[in-house]
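J.: got a sequence here, can you build the structure:
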Amino acid sequence: MSYSIKSIFKRYKWKISITFFLLTTENILKIIQPFVLGIAINDLIQKKNNGILLFCLLYGLSFITGVIRRYYDTRAYTFIYTNIATEIAEKQHENNVSVSSISARSSLVKELVDFFEHDVTQIFSSVISVVGALFMLTFFSWSIFWISIGVIFLIFLIYSFSNNTIYKYNLGLNDELEHRINILESKKTTNTYNHFNNISKWLVKLSDLETLNFGIIEVILFGLVIFSLYIAAGTMTATAGGIFSIVTYVIEFSTGIYMLPFVFQQLIRLKEISSRIQKV
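T.: Down below sits the predicted model:
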């Protein structure tokens, strides 16, 4: 039986699809909020309350959807993890796999299931934030929209160059983790020190690469926010609510784009984990 991300989704597609539906609904409601809040600001300046009442309604719906999703998610994904981890442990026992490998791979299974519960949540939230913000920006400024598209392209290039290196570092890290129990059972201080020291080295390498990419992306996104602020304020028809909405959508876009690289790195790690678990 396959234990890839794709096969896990197919096997539990209805449970996972319900979480996707709730997550999508929650995020779409959040995307509309800055637009409605901009209307509320303009209404309040004119001594009107219609906009703020609409914003409160929208926020309430988003809040209730979010609570229901979180309540359901935990129960769905703990059920999936229990089933898969048990199956893999039993299969490895039948194949006389070492206890060290069984323990390590059981932990790796948790990462795969956590991908759906946490990382997919972040992917959906980020993608909806980016796409939703871009769509809403077309109502305010096409210049900001196209500059934002250019930012996506630049970030894609940055991470395309990091792909193979991230995979190699995760391969080395997981190789070391699989031998932990055997090393600890040897009760040799030198072996134990070398094991944890090697893990630290792989983690530092991953962190250094992530920091480099983060620094470059942060500068690009900061430039986008400053550019957007000047464009928004320089428009002849600019209003307080309109400027607020534009800047908020640019920040929403930046936050979504900023999180996607972390998800990208996790996907590469899970690709390596999936190939490792297939060996059971």
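J.: list the helices and strands the helix or strand encompassing Phe153 packs on?
T.: Assessed by DSSP states H and E, Phe153 sits inside helix 142-160. The contact analysis (3 or more C-beta pairs under 8 Å, 6 or more residues apart in numbering; DSSP states H and E) places helix 142-160 against helix 120-137, helix 189-234, helix 240-277. To be clear about C-beta, it is placed using only N, CA and C from the backbone, and glycine gets the same treatment.
J.: what's in contact with it?
T.: 130, 133-134, 137-138, 213, 216-217, 220-221, 224, 227-228, 231-232, 246, 250, 253, 257, 260-261, 264 (C-beta atoms under 8 Å, 6 or more residues apart in numbering).
J.: list only buried entries from those.
T.: 130, 133-134, 137, 213, 217, 220-221, 224, 228, 231-232, 246, 250, 253, 257, 260-261, 264 (16 or more other C-beta atoms under 10 Å).
J.: and Lys48, helix, strand or coil?
T.: coil (DSSP: H, G, I helix; E, B strand; the rest coil).
J.: tally of neighbours for it?
T.: 13 (other C-beta atoms under 10 Å).
J.: residues contacting it?
T.: By C-beta under 8 Å, 6+ apart, Lys48 has no neighbours at all.
J.: same check, this time on the one 3 residues further on
T.: The contact partners of Gly51, by C-beta under 8 Å, 6+ apart, come to Val36, Leu37, Ile39, Ala40, Ile41, Asn42, Asp43, Leu44.
J.: just put these in CSV and tack on secondary structure, distance to Asn27 and neighbour count.
T.: As requested, the contacts of Gly51 are exported to CSV (DSSP: H, G, I helix; E, B strand; the rest coil; distance: C-beta to C-beta, whole Å; neighbours: other C-beta atoms under 10 Å):
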residue, secondary structure, distance to Asn27, neighbour count
Val36, helix, 15, 19
Leu37, helix, 16, 20
Ile39, helix, 20, 20
Ala40, helix, 20, 23
Ile41, helix, 22, 20
Asn42, helix, 25, 17
Asp43, helix, 25, 18
Leu44, helix, 26, 15
